[in-house]
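In: Model the structure of this input:
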Amino acid sequence: MANLASVSGLSGVLGSLTASVTVFGTAADAITAQSAQNIYSVADANVPVDKGDLQASGVVRPFTEGSVKGYEVAYGGTLPQTAKTYTYPEGGANSYAWFVELGTRFQNPQPFLLPAYEQEKPNWQLALSNL
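Out: Take a look at the predicted model:
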């Protein structure tokens, strides 16, 4: 990567900045992918198991929303379910994971995904801050 102090001209600066974004973006993506896998591993070890269907439904998958790229750790079906929405889509398996995580009026919460995220969050932040 070029040292900005030795770059001359606007095209040189833009090229150097583009290279920096590419390097940091790739490294940040790798860190985020590993953190998502770590979250999945902890959640999967702690997901309540009755028949094992919920545990078997866990996945880590990449997502893109506009210009934002990331990774999602999801349980309970094929519909995207992220912690930022807390929606309850109609239909059994897609709702069940949230009912277990957050509880219902008939069942106490049995959180497994949020604690896994909270455990990994400082490691993820530290790794990103070291870029």
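In: contacts and neighbour counts: CA atoms only from here.
Out: Fine.
In: give the contact list for Pro48.
Out: 54-55, 110, 112 (Cα atoms under 8 Å, 6 or more residues apart in numbering).
In: Could you check which helix or strand contains it?
Out: Of the helices and strands defined by DSSP states H and E, none includes Pro48.
In: what are the phi and psi angles of it?
Out: Backbone torsions for Pro48, taken as degrees, to the nearest 10, come to phi -60, psi 140.
In: Kindly report the same for Arg61.
Out: phi -140, psi 150.
In: Surely it and Tyr71 touch.
Out: Yes: using Cα atoms under 8 Å, Arg61 is in contact with Tyr71, at 5.5 Å.
In: So if I had to pick from the two, which one is more boxed in?
Out: Taking other Cα atoms under 10 Å, Arg61 and Tyr71 do not tie; Tyr71 has more neighbours (18 against 14).
In: And the lowest mean pLDDT element among the helices and strands of the protein?
Out: Ranked by mean pLDDT, DSSP states H and E, the weakest helix or strand in the chain is helix 92-102, scoring a mean of 74.
In: That helix - contacts with which helices or strands?
Out: helix 53-56 (3 or more Cα pairs under 8 Å, 6 or more residues apart in numbering; DSSP states H and E).
In: so what secondary structure elements neighbour the helix it packs on?
Out: Packed next to helix 53-56, using 3+ Cα pairs under 8 Å, 6+ apart, are helix 92-102.
In: which phi and psi does the nearest residue to Pro109 once chain neighbours are set aside have?
Out: Of all residues not flanking Pro109 in the chain, Gly103 sits nearest, at 3.7 Å (Cα to Cα, 6 or more residues apart in numbering). Main-chain dihedrals, Gly103, degrees, to the nearest 10: phi 80, psi 170.
In: Gly103 touches Gln110, doesn't it?
Out: Yes: with contacts defined as Cα under 8 Å, Gly103 counts as touching Gln110 at a distance of 6.7 Å.
In: Which residue ranges of this structure form helices?
Out: 10-46, 53-56, 92-102, 113-129 (DSSP state H).
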